[in-house]
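Participant: This is a predicted model, with the sequence first.
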Amino acid sequence: MNNRIRTISTKQWCEEKNIEIDKKILENNVRGIYGLFINYPDRKKCVYIGKATNIIERLYEHFSSVKWLIVNVLSGEAPEHVIILAEAIQNDYVISAELLEKVEYEYNNYNRGIIELVYIVLQSVVKPGITGFFKIDLHIKCYIYLS
C-alpha cells in the first residue's frame, strides 16, 4: 500500500475522531519528542512518549494502527498504547498529540541524530537522582561526544 494514500486516509480519520494534533507538529519535518494523551474530564493521561525525525508521519503510523485495531483488521499484536488509545476513542475521549520538545537538525549523520533524540527523551523522562539511570545517561553523553 502506498504510504501517501494511507497517510491521507488516516489524516481524515483523525479529523473525524476529533484527535487533536499540536499545530507545531503540523509544520513540515518537525523532529523531536512527542506525547500522546487521553483527555479525561478530570485529568490528562500520557499514554506514550516517542521520538521521530518526522513527527507527523510517525503519528499517522500510530493512528493507522489504532484505526485498524478498531475495525478488527490489524495484522499482528497491537502495542499496549495502541490498545489504550483505541479504547479511549471508542469511549469518545479526546486524544491529543503534543510536541514535547522540538529538536533541530544539527547533524548530517542519521545515527548521530537518533542518539541525540534518545538522549533528549531520557532527559525528559528520567528524573535526576534515580541511580539506575546514571550509567545510561553517562554512556549516552559519552557516545554523543565521541561520535
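Facilitator: Structure received.
Participant: Lys45 versus Ile84, what's the distance?
Facilitator: 9 Å (C-beta to C-beta, to the nearest Å). Glycine gets a C-beta too; all of them are placed from N, C-alpha and C.
Participant: what sits in contact with each of those two?
Facilitator: Ile38 (C-beta atoms under 8 Å, 6 or more residues apart in numbering).
Participant: Of these two, which one has the most company?
Facilitator: With neighbours defined as other C-beta atoms under 10 Å, Ile84 and Lys45 compare such that Ile84 has more, 18 against 12.
Participant: Just give the nearest non-adjacent residue to that one, would you?
Facilitator: Nearest residue to Ile84 in three dimensions, chain neighbours excluded: Val47, at 5.0 Å (C-beta to C-beta, 6 or more residues apart in numbering).
Participant: Give me the number of neighbouring residues for the one you found.
Facilitator: Residue crowding around Val47 was assessed by other C-beta under 10 Å; the count is 16.
Participant: Help me confirm that it is found in a strand?
Facilitator: Yes. With DSSP: H, G, I helix; E, B strand; the rest coil as the criterion, Val47 is part of a strand.
Participant: quick one: contacts for it?
Facilitator: 36-38, 81, 84-85, 88 are the contacts of Val47 under C-beta under 8 Å, 6+ apart.
Participant: Distance check, it against Gln12.
Facilitator: Plainly put, Val47 is 23 Å away from Gln12 if you go by C-beta to C-beta.
Participant: Contacts only, for Glu15.
Facilitator: By C-beta under 8 Å, 6+ apart, no residues touch Glu15.
Participant: now do 10 Å
Facilitator: Neighbouring residues of Glu15 by C-beta atoms under 10 Å, 6 or more residues apart in numbering: Ile21.
Participant: Can you classify it as helix, strand or coil?
Facilitator: Three-state assignment for Glu15 (three-state DSSP): helix.
Participant: And it, how far from Glu61?
Facilitator: Distance, Glu15 to Glu61, by C-beta to C-beta: 17 Å.
Participant: so Pro10, which of the three states?
Facilitator: One thing to correct before we go on: residue 10 is Thr, not Pro. Under three-state DSSP, Thr10 comes out as helix.
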